[in-house]
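Q: Dropping the sequence and predicted coords here.
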Amino acid sequence: MPKKKSSALPGPNDRQARLTARRNMKMAESAHAYVRGNTSKFYEWLDGIEGHTLPEGPAIWICGDCHTGNLGPVANTDGDVEIQIRDLDQTVIGNPAHDIVRLGLSLATAARGSDLPGVTTARMIEALSEGYEHAFDATAKDRPIKNAKPEAVRVMMKEAVRRTWQQLAIERIEDVEPSIPLGKRFWPLDKEERSEIEALFERREIADIAVALRKNADEENVSVIDAAYWVKGCSSLGRLRYAVLLDVDGGAVEGDDLCLIDIKEGLKAAAPRYPGQDMPRDNGERIVEGARHLTPALGERMRSARLNDRSVVIRELLPQDMKLTVEQLTQEEAMKAARFLAMVVGKAHARQMDKAGRRAWLSELRRARSKSLDAPSWLWKSIVALVSSHEAGYLEHCRRYALTPAL
């Protein structure tokens, strides 16, 4: 049954101002948050650098927004959990060097936020380079990196494997009861939005998302229990975002019979794509296709569709899907995080290349070393320039927005 609309919560025509203000305030929380929420500034910098400053890597699907918050535990349909790329909004067929630089920027700002010395950032970039290259090295199996996972990752993986649907419900919707509570995180829908969402899950190809992980379930029994506008994310604030609670078998009870769905608008990617590459024109289809190449465990759980005449991506949220938080780091953990996360990204890139392609890209990555840094000079110079421009941009952002109360 649709819930009574609260006069204090905005409807569809009043959301944008609040969402913009909230996004600006979240980005003002720290320089690291500013980097996470400002993909466009990264690509503005990229557009302004001289040609051939970065190597032109092989044409593969890249994340396009490869910061630490977009990596984390992801479960596949068999329940296996691994640290993977978990947000593919910006995915395109492009230059893998862009993902490396973006990840390096994110790690460098996290190190700055942890008040680590500059030499630690330099060592992090060396560790990042080592971890990424390890994924392309044919001899790497004979030289495994010992104790590669940082403590934060080990703890999160243990938590992810143990998590239940009840924990997911309490974390995401604050209750295990079959409803979505309206408030700060969830805003009411109008009748048209509710009707379109219900119609969406009457389609078997969409409803099968909810039955993919459940034996003997039938798409025809899937029904919408509740739905709300979801105030979620940072860079995504302002686009369509819905939380949908589904009943899978027609007898709503807590646990396996319920399914929490995330519907997210797919917008045009800011990440530059290589010309002449065959990619879906629809943004939702592009995101799903990129996920299938970069993070198959996630891609097989996603669908694209049209909602309110906009392209959207639909996926079930699982208890094991978590966001990796890299905030306060010690020097040792900083280098472990850089090495491990770069290895995750490297594996996502490497699985799309043949043996010759991996060998050629590895050779390119190992060029242009200096005597004082065991990492490509283009990577270090790019991160130094980006940290400088983003810190200046962050301070200006705080002046413009953090002094004004949020709506």
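A: Looks like it came in fine.

Q: Going by C-alpha atoms from here, please, whenever you check contacts or count neighbours.
A: Noted.

Q: hmm, which helix or strand of the chain has the shakiest average pLDDT?
A: The weakest-scoring helix or strand in the chain, judged by mean pLDDT, DSSP states H and E, is helix 165-173 (a mean of 69).

Q: Where do the strands of the protein begin and end?
A: In the chain, the strands defined using DSSP state E lie at 60-62, 71-75, 81-85, 92-94, 186-187, 223-230, 241-247, 258-265, 302-307, 310-316.

Q: For the second one, report the contacting residues that lie outside it.
A: Judged by CA atoms under 8 Å, 6 or more residues apart in numbering, the contacts made with strand 71-75 from elsewhere in the structure are 81-87, 156-157, 160, 297-298, 318, 320-324, 341.

Q: Sheet partners, orientation included, of it?
A: Strands that pair with strand 71-75, judged by DSSP bridges, come out as strand 81-85 (antiparallel).

Q: Now the strand it pairs with: average pLDDT?
A: Mean per-residue pLDDT for strand 81-85: 90.

Q: for stretch 22-38, same thing?
A: pLDDT averaged over stretch 22-38 gives 87.

Q: Go through that stretch and flag the buried ones.
A: Neighbour-count burial for stretch 22-38 flags 22-28, 30-38 (criterion: 16 or more other CA atoms under 10 Å).

Q: quick one on the thing from earlier: let me have the strands of the chain in TSV, extended by distance to A122 and mean neighbour count.
A: Listed next are those as TSV, based on distance: least, CA to CA, whole Å; neighbours: other CA atoms under 10 Å:
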stretch	distance to A122	mean neighbour count
strand 60-62	24	25
strand 71-75	22	23
strand 81-85	24	22
strand 92-94	26	24
strand 186-187	42	22
strand 223-230	39	23
strand 241-247	38	24
strand 258-265	37	22
strand 302-307	38	20
strand 310-316	38	21
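
Q: what would the ones you listed look like in a markdown table with distance to G276?
A: Formatted as a markdown table, the strands of the chain follow (distance: least, CA to CA, whole Å):
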| stretch | distance to G276 |
| --- | --- |
| strand 60-62 | 12 |
| strand 71-75 | 29 |
| strand 81-85 | 25 |
| strand 92-94 | 10 |
| strand 186-187 | 41 |
| strand 223-230 | 36 |
| strand 241-247 | 32 |
| strand 258-265 | 26 |
| strand 302-307 | 23 |
| strand 310-316 | 23 |
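
Q: Of those strands, which is nearest L128?
A: The closest of the strands of the chain to L128 is strand 71-75. By CA to CA, the value is 14.7 Å.

Q: how about that closest one as PDB, C-alpha atoms only?
A: Output of strand 71-75 as PDB, limited to C-alpha atoms (Å, rounded to 0.1, in the frame of the first residue of the first chain):
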ATOM      1  CA  LEU A  71      35.900  -0.800  -5.400                       C
ATOM      2  CA  GLY A  72      34.700  -3.300  -2.800                       C
ATOM      3  CA  PRO A  73      33.300  -6.800  -2.100                       C
ATOM      4  CA  VAL A  74      30.900  -8.000  -4.800                       C
ATOM      5  CA  ALA A  75      29.100 -11.400  -4.800                       C
END
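
Q: Mind checking which of the buried residues of stretch 22-38 are in helices?
A: 22-27, 31-37 (DSSP state H).

Q: what residues are up against the residue nearest in space to the middle of the chain?
A: Nearest to the mean C-alpha position of the chain, counting by CA atoms, centre = their mean, stands D87 at 2.4 Å. If a contact means CA under 8 Å, 6+ apart, then D87 has C63, N70, L71 as its contacts.

Q: The residues you listed into a markdown table, with extra columns for pLDDT and distance to P12?
A: Formatted as a markdown table, the entries for the contacts of D87 read as follows, by pLDDT from 0 to 100; distance: CA to CA, whole Å:
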| residue | pLDDT | distance to P12 |
| --- | --- | --- |
| C63 | 97 | 30 |
| N70 | 92 | 28 |
| L71 | 92 | 31 |
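
Q: need those in JSON lines with distance to A291, can you?
A: Below are the contacts of D87 laid out as JSON lines (distance: CA to CA, whole Å):
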{"residue": "C63", "distance to A291": "9"}
{"residue": "N70", "distance to A291": "12"}
{"residue": "L71", "distance to A291": "13"}
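
Q: Of those residues, just say which sits nearest to V224.
A: Taking CA to CA as the measure, V224 lies nearest N70 of the contacts of D87, at 28.5 Å.

Q: what's the distance between E193 and E44?
A: E193 is 35 Å from E44, where distance means CA to CA, to the nearest Å.

Q: more crowded one of these two?
A: E193 (18 against 12; other CA atoms under 10 Å).

Q: The residue lying closest to that one once chain neighbours are set aside: neighbour count?
A: Leaving out its chain neighbours, the residue that sits closest to E193 by CA to CA, 6 or more residues apart in numbering is N308, at 7.5 Å. If you count neighbours by other CA under 10 Å, N308 ends up with 11.

Q: Can you give me the separation between N308 and R241?
A: From N308 to R241 the distance is 12 Å (CA to CA).

Q: just to revisit the earlier point, of the ones in helices among the buried residues of stretch 22-38, closest to A350?
A: Comparing those against A350 with CA to CA places R36 closest, at 24.6 Å.

Q: quick one: contacts for the closest residue to the closest one other than its chain neighbours?
A: Excluding the flanking residues, the one nearest R36 by CA to CA, 6+ apart is H67, at 6.4 Å. Contact analysis of H67 by CA under 8 Å, 6+ apart lists R36, R102, L103, L105, S106, L107.

Q: Any chance of TSV for the residues you listed, columns distance to G276?
A: Listed next are the contacts of H67 as TSV, based on distance: CA to CA, whole Å:
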residue	distance to G276
R36	29
R102	24
L103	26
L105	29
S106	30
L107	32
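
Q: Where helices are concerned, which of these count?
A: Counting by DSSP H, these contribute R36, R102, L103, L105, S106, L107 to helices.

Q: top of these by neighbour count?
A: Ranked by the number of neighbours (other CA under 10 Å), the ones in helices among the contacts of H67 place L105 first, at 30 neighbours.

Q: just checking, it touches V387?
A: Yes: L105 is within contact range of V387, at 6.5 Å (criterion: CA atoms under 8 Å).

Q: Could I get the pLDDT score of the nearest residue to R315 once chain neighbours are set aside?
A: Excluding its sequence neighbours, the residue lying closest to R315 (CA to CA, 6+ apart) is M302, at 4.6 Å. According to the prediction, M302 has pLDDT 93.
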